[in-house]
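Q: give me coordinates for this.
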Amino acid sequence: TVLAKNSGGIHGNDTDEAQVIISIQDGNDPPEFLRHYYEATVSEGARIGHEVIQVKAVDKDVRPQNNQFSFSVIGGNNNQDFKIDPQTGIIEVARHLDRETIPTYSVIIGAIDTG
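A: Numbers count the residues shown, from 1 in each chain. You can find the predicted model right below:
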């Protein structure tokens, strides 16, 4: 409650009160992956554009405009053998794979808050 009064002494109706409601807005929370570890198997004969796996993330933002993020490959993809759709998190084959050259990959994906 806020009290307003004349700068002089209080005389009768020289005061007024108003109730003030303060709402706390949701902060912009960082995204979190649904799983910390994803694993997939793909054939070395997979065509370019073949979907390997989809990573998913969520955040605790209440406001839909704050619940947006972008995925990117941030490590382990030195030859650009894989690409990720920034909106869907779908990882695809980007180049022809050769198991004899590289039998396994450890690709690091990041989710950046854009909301």
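Q: now the element after the worst-scoring helix or strand of the chain on mean pLDDT, going C-ward?
A: Scoring the helices and strands of the chain by mean pLDDT, DSSP states H and E places strand 2-5 at the bottom, with a mean of 63. Scanning the chain past strand 2-5 towards its C-terminal end, the next helix or strand to appear is strand 15-18 (assignment: DSSP states H and E).
Q: and that following strand, what's its mean pLDDT?
A: Across strand 15-18, the average pLDDT comes to 75.
Q: output the contacting helices and strands for it.
A: The helices and strands touching strand 15-18, judged by 3 or more Cβ pairs under 8 Å, 6 or more residues apart in numbering; DSSP states H and E, are strand 2-5. Yep, even glycine has a C-beta here, placed from its N, CA and C like the rest.
Q: count of residues packed around the residue nearest to residue 87 when sequence neighbours are not counted?
A: Sequence neighbours aside, residue 70 is the residue nearest to residue 87 in space, at 7.1 Å (criterion: Cβ to Cβ, 6 or more residues apart in numbering). Using other Cβ atoms under 10 Å, residue 70 has 16 other residues around it.
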